[in-house]
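In: just the structure for this:
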Amino acid sequence: MWWAALLLPEPSGDCGSAPDAADAMGARLAALGTWALQFTPRVASVEGAVLMELEASLRLFGGRTALRERVREAAMAEFGIHCIGWAPTGLAALAFARAGVDGAEALLSPALDRLPLDTLGAVAPHRGTLARLGCRTLGDVRRLPRGGLGRRFDAALLEALDQAHGQRPEPQRWLAPPETFLARLELMSRVEDAPALMHGAHRLLLRLCGWLAARHRGVTAFALRWAHDAMRSRAAGEGGELVLRTRTPTRRIEHLARLLAEHLARTELLAPVGDLELEALDTQPLAPPSASLLPDDGTADTALDETLERITARLGAPRVLRPVPLDDHRLEHMQRWQPVGEPLPRARPAAHPHDHLPDRTPQPSWVLPQPLRLPVRGHRPMYRSVLLLIAGPHRVEGGWWDRANDGAQHRHAQRDYFVALDEQAGVLWVFQERLADEDGAWYLHGVFA
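Out: Residues are numbered from 1 along each chain as shown. Predicted structure coming up:
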């Protein structure tokens, strides 16, 4: 086994009354436990610290050294934790963390024997009596006769010593991630500019990603809320809120942080902010990344989605559009443009059994925004010169149900398309309108490259 013990630093400054300080410490410990679940499902809260059993996670995170550095860097960045102990048992790791020692993976007993009495929770209450017996370290206690220790002290002392040395099992009550995520953070100072909120928001995002990893889910919508300082104008209100949505479920802290930073850069605070709150509004199951050796693993699609989301946050949703194919035979209505954040329409209905036959109708490379009416000479259309019709007709009919926005003009099309050749313009895509009121008019609709 391989355990890590994390000790929260003592709060600095005036923390108010003892109950308030205890509540604040309990909330921080709960947040630390939830955060630790991203590394292993075996997380326990023991004696005011968080223990993690990491043996089963070594391969996932690239080995013992890589996992240790990742836990150390993340714990320092998120909670300011310097005291982390590592050992083959949970109580030993906790004792090393309290002593400010990195730990021991081999020769555990000699390293434990050198630690002071107050590093082991079951021994610390008896340190006065043990000191009068000449004990200064855990090794001194262990060298005392076991029978005398068992009669003079409670059974928890001997049990804790045996568990720390790996001679007894350590039953734990493992933490379970909460069903929903809602985290709050009191800022160290009042913030007046929205981009400056990113420092505190990043800490909340780290907790969110830890919770998502423990739940094997990805977030698709989350909200960052802020509370204005009490000394504010009445017009400023209580606070503000940003709701962000992603195209696909994700728990990548880098992407979520960049996306939130883009939105905060375009946000104006109405009053100084003292508190932040982050809530996961919508999550979906998210499988871990595949270890497939095949080149197409979906990472390119993920990178494109993340890039489009950042561009949308910077420019605004109405300015970032994507084409959506439509079931329509009319060339100008085969697609429409919609913001990339809007969901795509439902999939097309199942194809007819004969629809698998190849469509030999040519399609132009460039389409005019509006068909250009052509003059006619001798019943033949002309553009820069009289056109030579080299292929066609290809009849297209449809749109009898479609009307303009005002509802007065219909968009029914009944056309015969031709591939035409112009000596100067090249190959063109023209059609003849077959409706009676158009008198067989000719139009230029596209150009072949």
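
In: now find how far off-centre stretch 214-232 is within its chain.
Out: How far stretch 214-232 lies from its chain's middle: 13 Å, per CA atoms, centre = their mean, to the nearest Å.

In: buried stuff in that stretch?
Out: Judged by neighbour count (16 or more other CB atoms under 10 Å), stretch 214-232 contains these buried residues: 214-215, 217-220, 222, 224-229, 232. Where C-beta positions appear, they are placed from N, C-alpha and C, glycine not excepted.

In: ok, so of the residues you listed, who is nearest residue 168?
Out: Nearest to residue 168 among these: residue 214, at 28.4 Å, using CB to CB.

In: find the nearest non-adjacent residue to that closest one, please.
Out: Nearest residue to residue 214 in three dimensions, chain neighbours excluded: residue 37, at 3.3 Å (CB to CB, 6 or more residues apart in numbering).

In: help me confirm that residue 41 comes into contact with residue 174.
Out: Yes: applying CB atoms under 8 Å, one finds residue 41 in contact with residue 174, separated by 7.0 Å.

In: quick revisit: pretty sure the residue nearest to residue 214 contacts residue 50?
Out: No: applying CB under 8 Å, one finds residue 37 not in contact with residue 50, separated by 9.9 Å.

In: for the two, indicate the residue with more neighbours.
Out: Using other CB atoms under 10 Å as the criterion, residue 37 and residue 50 rank with residue 50 on top: 28 against 22.

In: for residue 121, grab phi and psi.
Out: phi -60, psi -40 (degrees, to the nearest 10).

In: any idea how far residue 29 is from it?
Out: 15 Å (CB to CB, to the nearest Å).

In: and residue 416, by the same measure?
Out: 77 Å.

In: isn't residue 1 up against residue 89?
Out: Yes: Residue 1 lies in contact with residue 89 (CB under 8 Å); the separation is 6.8 Å.

In: more neighbours: those two, which one.
Out: Between residue 1 and residue 89, counting by other CB under 10 Å, residue 89 is the more crowded of the two (24 against 14).

In: can you report phi and psi for that one?
Out: phi -130, psi 160.

In: and what of residue 172?
Out: Per degrees, to the nearest 10, the backbone of residue 172 is at phi -130, psi 150.

In: list the contacts of it.
Out: 42, 44, 46, 51, 53, 90 (CB atoms under 8 Å, 6 or more residues apart in numbering).

In: count of neighbours near the last one?
Out: Right, residue 90. 24.

In: ramachandran angles for it?
Out: phi -70, psi -50.

In: that one and residue 168 touch, don't they?
Out: No: using CB under 8 Å, residue 90 is not in contact with residue 168; the gap is 11.7 Å.

In: centre of the chain to the edge, which residue is at the far end?
Out: residue 378 (65.8 Å; CA atoms, centre = their mean).

In: point out where the stretch 301-449 of the chain drops to low pLDDT.
Out: The stretch 301-449 of the chain contains residues with pLDDT under 70 at 301-302, 341, 343-360, 399-400, 402-410, 435-439.

In: show me where it has its helices.
Out: Read by DSSP state H, counting those that start in this stretch, the stretch 301-449 of the chain holds no helices at all.

In: show me what the one helix or strand residue 256 maps to is packed against.
Out: Of the helices and strands defined by DSSP states H and E, residue 256 is found in helix 253-265. Where contact means 3 or more CB pairs under 8 Å, 6 or more residues apart in numbering; DSSP states H and E, helix 253-265 is packed against helix 198-215, strand 217-228, strand 239-250, helix 299-315.
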